[in-house]
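Trainee: structure, please.
(4 chains)
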There are 2 protein chains.
Amino acid sequence: MARNRLLGDPTPVYFKLQTEIQKKIENSQWAPGQRILAERTLAENYKVSIGTVKKALLNLVQEGYLYRIQGKGTFVAGTTLRPESLRYYRFLRNFTDDEADLKIKLLKIKRIKGRQPHNRYLKIRSHQNLYELKRLFFYKQTPIVYSISYLPQKMFKNLHEFPIHLFEKVTLYEALEKKYGVPTLYNQQLFGAALTDNLTAKLLQIENGKALLFIEMLSFTYKDKPYEYRESYCVTDERKVFNEI
Amino acid sequence: MARNRLLGDPTPVYFKLQTEIQKKIENSQWAPGQRILAERTLAENYKVSIGTVKKALLNLVQEGYLYRIQGKGTFVAGTTLRPESLRYYRFLRNFTDDEADLKIKLLKIKRIKGRQPHNRYLKIRSHQNLYELKRLFFYKQTPIVYSISYLPQKMFKNLHEFPIHLFEKVTLYEALEKKYGVPTLYNQQLFGAALTDNLTAKLLQIENGKALLFIEMLSFTYKDKPYEYRESYCVTDERKVFNEI
DNA sequence: GCTCATTTGTTCGTATGTATC
DNA sequence: TGATACATACGAACAAATGAG
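Mentor: A predicted model of the protein is given here:
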């Protein structure tokens, strides 16, 4: 009977509930993996019908904040990028090829002063410091990607003290979500081409003057907050970088 | 009361209805833009409750088959009706830049014999013939993309007889949807880097030996049917190709 | 500018099916 | 087996937007 809307507030009840839950997830009051209250319980607590609770929850499932398992419950989700696209990056010979399995090697992690345009992309002030991660991605002993990541020090305290294998065994995404509760919700990329310089030629073991795929990437977590800016140089002679939209 | 499910068929009623409507859209019985029957009418026709019809329709909205306007009705969607998501490449100087507006020039359209790997990507037999479209994309008089598209002749009969401005004034997507009822649902891309050869250097008005962004693209319509394979060469000195996932 | 029929949007409540442990 | 939790389905009432008259 829409009892809750008689006072002239046009915001639907389900949307208010949805927003409340979303906020609890965004500010980490409810952590990824955690089971939340049951439909009925929520309905009783908020004094709304089960159907209204269902609508709020299903919307949040659709937006990637929650997932539900019949008979078990409703749970807070983590990184919402499809696991395939998360595996960084996906290298294929052609459209019908299988994905190549890459190994990661951490070259260096260090703390650096803030710089531009990095800090601007990350939406932090220019005096805020950064972590710089340099990594190589290998396909069967052959290096094919050289990437440099920049992360706000303030957001990832003591990142440099973690064991190195953390950045080699799992993706950076998984590591950051597990250690800092920062799930990846979406990311933006800029694709370009560049010629090899001395450094990249040496690291990627190719001759100078070859064409490289150059990717700039910004990864976002809750509240459209960018938390990583990454530059990658890719050898695409054999395999190319796959994307689906 | 689930009357329709007493006979042991585990398929939900809403899902059957959803599938029926989806098929009508896929085989063009219901065309993009067309209004479909009202909720109540569908409920009466199929002898199910309004809630069940609603669920089926909302699922199809979410999958992009339909859109709904309160007070007007439920309509069949198409590519044209979701402009932002499936645009041509978007060219930006950096992450905070605005999108550059590109002009298109059709260089040539001709019928060619089928070839590999094109026909394999398009999932058609190797003897089936193709259309080949060569186009240049300009940003303020400066050419920045050279693209070659391949389309199955069988699927797009008489494509070469359409006026040229059709391929210059609107995107290829819109043209194909309007003329052949083939909306674009998603596409796949492979990104690589290449060095300029004589042809591309001349067309793109740059010197030989520069690095170009090379994009292979496959566009899909209903039933995961690929209908266009495209190769693009992009000058990314000033602007880069944007993507968001 | 107003009214009215149509259509979708929101909310309620109930009953039953089905998966999990 | 039973308790719990989500999924499906029904139907009613009212709100809000649209467009025609």
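Trainee: checking the residue nearest to the spatial centre of chain A next. Helix, strand or coil?
Mentor: Centroid check for chain A by Cα atoms, centre = their mean gives A:Thr184 as the closest residue, at 2.4 Å. Per DSSP: H, G, I helix; E, B strand; the rest coil, the secondary structure class of A:Thr184 is coil.
Trainee: quick check, pLDDT for A:Lys154.
Mentor: Per-residue confidence at A:Lys154 stands at 93 (pLDDT).
Trainee: which residue is the nearest non-sequential neighbour of it?
Mentor: Spatial nearest neighbour of A:Lys154, chain neighbours left out: A:Gln128 (6.0 Å); criterion: Cβ to Cβ, 6 or more residues apart in numbering or on different chains. C-beta here means a position set from N, CA and C on the backbone, and glycine is covered the same way.
Trainee: wait, is the one you found part of a helix?
Mentor: No - looking at A:Gln128 with three-state DSSP, it is coil, so not inside a helix.
Trainee: pretty sure it is touching A:Pro152, no?
Mentor: Yes - taking Cβ atoms under 8 Å as the definition, A:Gln128 is a contact partner of A:Pro152 at 6.1 Å.
Trainee: C-terminal to the least confident helix or strand in chain A by mean pLDDT, what's the next element?
Mentor: Within chain A, confidence by mean pLDDT, DSSP states H and E is lowest for helix A:83-86 among all helices and strands, at a mean of 56. Using DSSP states H and E, the helix or strand that directly follows helix A:83-86 along the chain is strand A:91-92.
Trainee: which strands and helices sit next to the helix or strand just after that next one?
Mentor: Next in sequence after strand A:91-92, counting helices and strands by DSSP H and E, comes strand A:103-112. Judged by 3 or more Cβ pairs under 8 Å, 6 or more residues apart in numbering or on different chains; DSSP states H and E, strand A:103-112 is in contact with strand A:130-139, helix A:166-169.
Trainee: how far does the helix or strand following strand A:103-112 sit from its chain's centre?
Mentor: Once the chain leaves strand A:103-112, the next helix or strand it forms, by DSSP H and E, is helix A:118-121. Computed by Cα atoms, centre = their mean, to the nearest Å, the chain-centroid distance of helix A:118-121 equals 17 Å.
Trainee: average pLDDT for helix A:118-121?
Mentor: Helix A:118-121 comes out at a mean pLDDT of 94.
Trainee: which other helices and strands does it contact?
Mentor: Right, helix A:118-121 is packed against strand A:225-234 by 3+ Cβ pairs under 8 Å, 6+ apart.
Trainee: could you list the paired strands of the strand it packs on along with their orientation?
Mentor: Paired with strand A:225-234 in the same sheet, following DSSP bridges, are strand A:142-152 (antiparallel), strand A:211-221 (antiparallel).
Trainee: contact partners of the first one?
Mentor: Contact with strand A:142-152 is made by A:89, A:91, A:102, A:118, A:122, A:124, A:128-138, A:159, A:172, A:176, A:200, A:203-205, A:227-235, A:238-239, as judged by Cβ atoms under 8 Å, 6 or more residues apart in numbering or on different chains.
Trainee: same thing but 7 Å
Mentor: Outside of strand A:142-152, the residues within contact range by Cβ atoms under 7 Å, 6 or more residues apart in numbering or on different chains are A:91, A:118, A:122, A:124, A:128, A:130-137, A:159, A:172, A:200, A:203-205, A:227-235, A:239.
Trainee: quick check: chain neighbours aside, which residue is closest to A:Asp98?
Mentor: Per Cβ to Cβ, 6+ apart, closest to A:Asp98 is A:Leu92, 7.4 Å.
Trainee: next: A:Tyr89.
Mentor: Nearest one to A:Tyr89, counting by Cβ to Cβ, 6+ apart, is A:Val241 at 4.9 Å.
Trainee: from what I can see A:Leu92 touches A:Lys240, true?
Mentor: Yes - with contact defined as Cβ atoms under 7 Å, A:Leu92 counts as touching A:Lys240 (6.2 Å).
Trainee: that older thread, any idea which of the helices and strands packed on strand A:103-112 is most buried?
Mentor: Each of the helices and strands packed on strand A:103-112 was scored by mean neighbour count; the highest is strand A:130-139, a mean of 18, by mean count of other Cβ atoms under 10 Å in any protein chain shown.
Trainee: list the contacts of that one.
Mentor: Contacting residues not belonging to strand A:130-139 are listed as A:91, A:100, A:102-112, A:114, A:118, A:143-153, A:156, A:159-160, A:167, A:203 [Cβ under 7 Å, 6+ apart].
Trainee: report the residue ranges of every domain in chain A.
Mentor: A:2-76, A:83-241 (automatic domain parsing).
Trainee: closest one to DNA strand D among the helices and strands packed on strand A:103-112?
Mentor: Closest to DNA strand D of the helices and strands packed on strand A:103-112 is helix A:166-169 (Cβ to the nearest atom of the strand; 33.0 Å).
Trainee: and the closest one, how far out from the chain's middle?
Mentor: Counting by Cα atoms, centre = their mean, helix A:166-169 comes out at 16 Å from the chain centroid.
Trainee: likewise stretch A:212-222?
Mentor: Centre to centre, stretch against its chain (Cα atoms, centre = their mean), the figure for stretch A:212-222 is 10 Å.
Trainee: what mean pLDDT does the helix or strand hosting A:Asn45 have?
Mentor: According to DSSP H and E, A:Asn45 maps onto helix A:39-46. Mean per-residue pLDDT for helix A:39-46: 88.
Trainee: with just CA atoms, put it into PDB.
Mentor: Extracted in PDB, the C-alpha atoms of helix A:39-46 (Å, rounded to 0.1, in the frame of the first residue of the first chain):
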ATOM      1  CA  GLU A  39      15.400 -11.900   3.400                       C
ATOM      2  CA  ARG A  40      12.900 -12.300   6.100                       C
ATOM      3  CA  THR A  41      15.100 -10.800   8.700                       C
ATOM      4  CA  LEU A  42      15.700  -7.800   6.600                       C
ATOM      5  CA  ALA A  43      12.000  -7.500   5.900                       C
ATOM      6  CA  GLU A  44      11.200  -7.500   9.600                       C
ATOM      7  CA  ASN A  45      14.000  -5.100  10.500                       C
ATOM      8  CA  TYR A  46      13.100  -2.600   8.000                       C
END
